[in-house]
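J.: Sharing a sequence plus its predicted fold:
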Amino acid sequence: MKRVSKLLCLCTIPLFISNMTGEASADAHPVNRAINGRPELSFSVVSDVHLRAGKNDRGHPYHDYVAETKLVAALQDLHRINANADAFVIDGDLTVTGMQTDYDSLKNVLQKSPHPKNTLFAIGNHEFHSAFRNKRGLFSMKTFPNGVTKKQCIDLFLKNTGMPGVYYDKWIKGYHFIVLGSEPSGTINIHTYDRAALSLRQLQWLDERLRFSPSNKPVFVFLHQPIAHTVAGSSQNYIVHSDKLRQVLNKYPQVIFFSGHSHWTLKNQPRTMYRDKFTMFNVSSVRNPITPHVKLAGDSEGLYVQVYSHKVVVMARDFTHKSWIGQYTVTNSTPHPAQH
């Protein structure tokens, strides 16, 4: 397939400017403030929920009730913040093993917890980790990939989430949401299994979708793995064709890109938000946020987003303590008329 890129950008001057506002106090509730007017769109993004049930690596019965409890608490907290939010995104690593019993745990949580009808899922590297389990469900590195293919893992992800593909888009209240993900390519490779394998076809599809998105409105793009050397925790290259992905996104300054994978906490991190020619955010983890020294932070974190006609406000949330961690603003220099 020919190299992606010959499409011209709709604009040559960046329309969006990013900045971090003052940190919100622990008891602050900066949602739907009258001074800002009501947002046109609101949604939340979490990642790395890591639900697990069935068997542990030694074959003994196991159920991670801590992971379930943390996700339930996050959903309840977000519902308390805004019971009428427009969307909810889990940006990958829904599971630990990628096996059906883990997905059953996810279904159990979602069935008993409030969440928006527009719930989107991105596929993460752990959704391919059934390749580490043999037919008895035991961890087996020696026999990797244990007869498992990427297609089998993807089929199970699609079956349990109801998503139309590993990459897809959806319009919500006039705003464009684009979800990217790793694709099948035969047998899983031990050297690349944790990296997102984005085909040139997917990148071309992304370019075409972005080219026809309004240049004066934010476009929200989600991929489990971060782009190398950008947001906190992205010191490695976790994406096949990462340079080509960045080339595509660099043409569209209205893109706001969300990624997880690293688990890096949102607390005291100067690169929770990172600005290149587009804007990127680290999403942290619901199950296990970690510090730069790879120590468990012990909390549960994610992002809550409010979209106005002239700006996007992204708020980092500590679900454990029900408190705000920080607030970031992406400003549109050419505001569009408010929708009614």
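T.: Perfect, thanks for sending it.

J.: which residues touch the most centrally placed residue in the chain?
T.: Central residue of the chain (CA atoms, centre = their mean): Asp91, 2.6 Å from the mean position. By CB atoms under 8 Å, 6 or more residues apart in numbering, the contact list for Asp91 reads Val45, Val46, Ser47, Ala122, Gly124, Phe222, Leu223, His224, Phe258, Ser259, Gly260, Val283. Placement of C-beta: from N, CA and C, glycine included.

J.: so what's it closest to, chain neighbours aside?
T.: Spatial nearest neighbour of Asp91, excluding adjacent residues (CB to CB, 6 or more residues apart in numbering): Ser47 at 4.0 Å.

J.: which residues touch the one you found?
T.: 90-93, 124, 224, 258-261, 283-286, 302.

J.: try 10 Å this time
T.: Applying CB atoms under 10 Å, 6 or more residues apart in numbering to Ser47 gives the contacts 89-94, 122, 124, 222, 224, 258-263, 282-287, 301-303.

J.: Relative to Ser105, how far out is it?
T.: 17 Å (CB to CB, to the nearest Å).

J.: Then Ala85?
T.: Distance from Ala85 to Ser105, by CB to CB: 23 Å.

J.: For the biggest strand by length in the chain, buried residues please.
T.: As assigned by DSSP state E, the longest strand anywhere in the chain is strand 323-332. For strand 323-332, the neighbour count (16 or more other CB atoms under 10 Å) marks Ser323, Trp324, Ile325, Gly326, Gln327, Tyr328, Thr329, Val330, Asn332 as buried.

J.: Pull out the buried residues from the longest helix seen in the chain.
T.: Using DSSP state H, we find that the single longest helix of the chain is helix 65-81. The neighbour-count check on helix 65-81 (16+ other CB under 10 Å) flags Ala67, Glu68, Lys70, Leu71, Val72, Ala73, Ala74, Leu75, Asp77, Leu78, His79, Ile81 as buried.

J.: from those, which is closest to Arg38?
T.: The closest of the buried residues of helix 65-81 to Arg38 turns out to be Ile81 (CB to CB; 14.3 Å).

J.: Please look at the closest one and Met315 and confirm they touch.
T.: Yes. At 9.0 Å, Ile81 and Met315 qualify as touching, with contact defined as CB atoms under 10 Å.

J.: What ranges in the stretch 201-340 of the chain fall below the confidence cut-off?
T.: Residue ranges of the stretch 201-340 of the chain with pLDDT under 70: 294-295, 297, 333-340.

J.: Could I get the full set of helices for it?
T.: For the stretch 201-340 of the chain, helices defined by DSSP state H, counting those that start in this stretch occupy the ranges 242-249.

J.: Backbone torsions only: list them for Ile227.
T.: phi -80, psi 140 (degrees, to the nearest 10).

J.: show me what contacts it?
T.: Ile227 sits in contact with 234, 237-239, 242-243, 245-246, 249, 257, 259, 274, 276, 278, 280, where contact means CB under 10 Å, 6+ apart.

J.: Buried by neighbour count, from the residues you listed: which ones?
T.: Buried among the contacts of Ile227 (16+ other CB under 10 Å): Ser234, Tyr238, Ile239, Ser242, Leu245, Arg246, Leu249, Phe257, Ser259, Tyr274, Phe278, Met280.

J.: So which of those residues is the closest to Gly98?
T.: For the buried ones among the contacts of Ile227, the residue nearest Gly98 by CB to CB is Tyr238; the value is 17.2 Å.

J.: my read: the closest one touches Tyr193, true?
T.: No. Using CB under 10 Å as the test, Tyr238 is too far from Tyr193 to be in contact (11.2 Å).
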